[in-house]
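Asks: sequence and predicted structure, then a few things I'm wondering about:
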Amino acid sequence: MIHIVTDSTSDLSQEEMEKLNIHVVPLTLQIDGKTYVDGKDVKAEQFLTMMAQASELPKSSQPAPGQFKELYDELGKDGDHIISIHMTGGMSGTVESARQAAQMTDTKVTVVDSRYIAWALVFQLREASRLRDEGATVEEIVARVNQVRENTRLFVALDTLENMVKGGRIGKGKAMFGALLNIKPVGNLDTGEFVAAAKPRSYKQVVKYLFDQYQQDTAGKTVKMVGISHANALQTMGDPLIKLIQETGFTNIDIAFTSPIITTHTGPGALGFMYFAE
């Protein structure tokens, strides 16, 4: 049998996680000296308030290799295989922790860097789960997951640069300049790291940019999955974008309030837009 393991940065609901039979090793958050388990002690919506009230920017921590090893040992005790698919190594050491644990356990574990987060990670998990249930081999599943990744795009639109400054990702001067111009920076995760892609000056321009990208990338292809993650950004950007996509005929859009781990990086008001087409 093959087991699938991931971390808490995917946007899968608890119900779907159980339905797909996927195991989760959560990250943790430190807020004003207290430690919280992501998705368990702190939920997505309440985190925005906690972050706003915190004296400094919350910090996220990857699971220790020992946590992964414990789960790997348990799942593999009867000789079963594990495919462990995780958030991009460009933003966290989680995948590295999983790799270290894979070296420490006697269980056969294949670790995959999804190079993505949120729904874009879910796209890979869903395909892996489907193929496992159809009786595919580890090699077949990993090859398909890689294909899904190559045919996925993820964009993030920020409403504020404050968290990027506090997290040391951009300098204060740049942020002040951005605020003065009222820029809503859009980046992509094509390389597994946040790379600036556009500098729209309004929510309307953000929506137009994202929809134009979507149309270009999916032209002549079949859209398989579309996901929107947000930190209170449905009214500003999410709903108008959803409406445009639905008008193209694709209506099965996944929507979630993004995980606290990601909100720490992006700040409030951010929108993540992901799609998989081939």
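Replies: It's in. Everything numeric here is computed off the predicted structure, so don't read it as measured data.
Asks: low-confidence stretches in the chain?
Replies: 161-182 (pLDDT under 70).
Asks: the residue with the largest distance to the centre of the chain in helix, strand or coil?
Replies: Most distant from the centre of the chain: Asp78, at 31.4 Å, with distances by Cα atoms, centre = their mean. Secondary structure state of Asp78, per DSSP: H, G, I helix; E, B strand; the rest coil, is coil.
Asks: could I get the full set of strands for the stretch 51-200 of the chain?
Replies: 59-61, 81-86, 108-113, 152-157, 186-188, 195-198 (DSSP state E, counting those that start in this stretch).
Asks: what about these, which gets the closest to Ile22?
Replies: Proximity to Ile22, assessed across the strands of the stretch 51-200 of the chain by Cβ to Cβ, is greatest for strand 81-86 (8.9 Å). To be clear about C-beta, it is placed using only N, CA and C from the backbone, and glycine gets the same treatment.
Asks: alpha carbons of the closest one, in PDB - could you do that?
Replies: Taking C-alpha atoms only, strand 81-86 is exported to PDB below (Å, rounded to 0.1, in the frame of the first residue of the first chain):
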ATOM      1  CA  HIS A  81       5.500   2.900   0.900                       C
ATOM      2  CA  ILE A  82       5.100   6.600   1.500                       C
ATOM      3  CA  ILE A  83       5.000   9.600  -0.900                       C
ATOM      4  CA  SER A  84       5.600  12.800   1.100                       C
ATOM      5  CA  ILE A  85       4.600  16.000  -0.900                       C
ATOM      6  CA  HIS A  86       5.400  19.300   0.700                       C
END
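Asks: just to revisit the earlier point, so what's the residue farthest from the centre of the chain up against?
Replies: Shown in contact with Asp78 (Cβ atoms under 8 Å, 6 or more residues apart in numbering): Met1.
Asks: look up phi and psi at it.
Replies: phi -100, psi 20 (degrees, to the nearest 10).
Asks: ok, now which ones touch the residue positioned nearest the centre of the chain?
Replies: When the chain is reduced to its mean C-alpha position, the nearest residue by Cα atoms, centre = their mean turns out to be Ile117, at 1.8 Å. Neighbour list for Ile117: 9-10, 87-88, 91, 154, 189, 262, 272 [criterion: Cβ under 8 Å, 6+ apart].
Asks: top of the residues you listed by neighbour count?
Replies: In terms of neighbour count, Ser10 stands highest of these at 30 neighbours, by other Cβ atoms under 10 Å.
Asks: ok so, going back, from the contacts of Ile117, which land in helices?
Replies: Among the contacts of Ile117, the members falling in helices are Ile262 (criterion: DSSP state H).
Asks: quick check, Arg149 in contact with Tyr116.
Replies: Yes - counting by Cβ atoms under 8 Å, Arg149 does reach Tyr116; the two are 7.0 Å apart.
Asks: shared neighbours, the two?
Replies: Gln124.
Asks: among these two, which residue is more densely surrounded?
Replies: Each of Arg149 and Tyr116 has its neighbours counted (other Cβ under 10 Å); Tyr116 has more, 29 against 21.
Asks: from Gln216, how far out is Val95?
Replies: 30 Å (Cβ to Cβ, to the nearest Å).
Asks: again with Glu139
Replies: From Glu139 to Gln216 the distance is 33 Å (Cβ to Cβ).
Asks: ok, now Val24?
Replies: Relative to Gln216, Val24 is positioned 34 Å away (Cβ to Cβ).
Asks: and Asp254, by the same measure?
Replies: Asp254 is 21 Å from Gln216, by Cβ to Cβ.
Asks: the more surrounded of those two?
Replies: Asp254 (19 against 9).
Asks: OK, contacts around that one?
Replies: Each residue near Asp254 by Cβ under 8 Å, 6+ apart is listed here: 11, 119, 122, 225-228.
Asks: can you confirm it is in a strand?
Replies: Yes - Asp254: assigned to a strand according to three-state DSSP.
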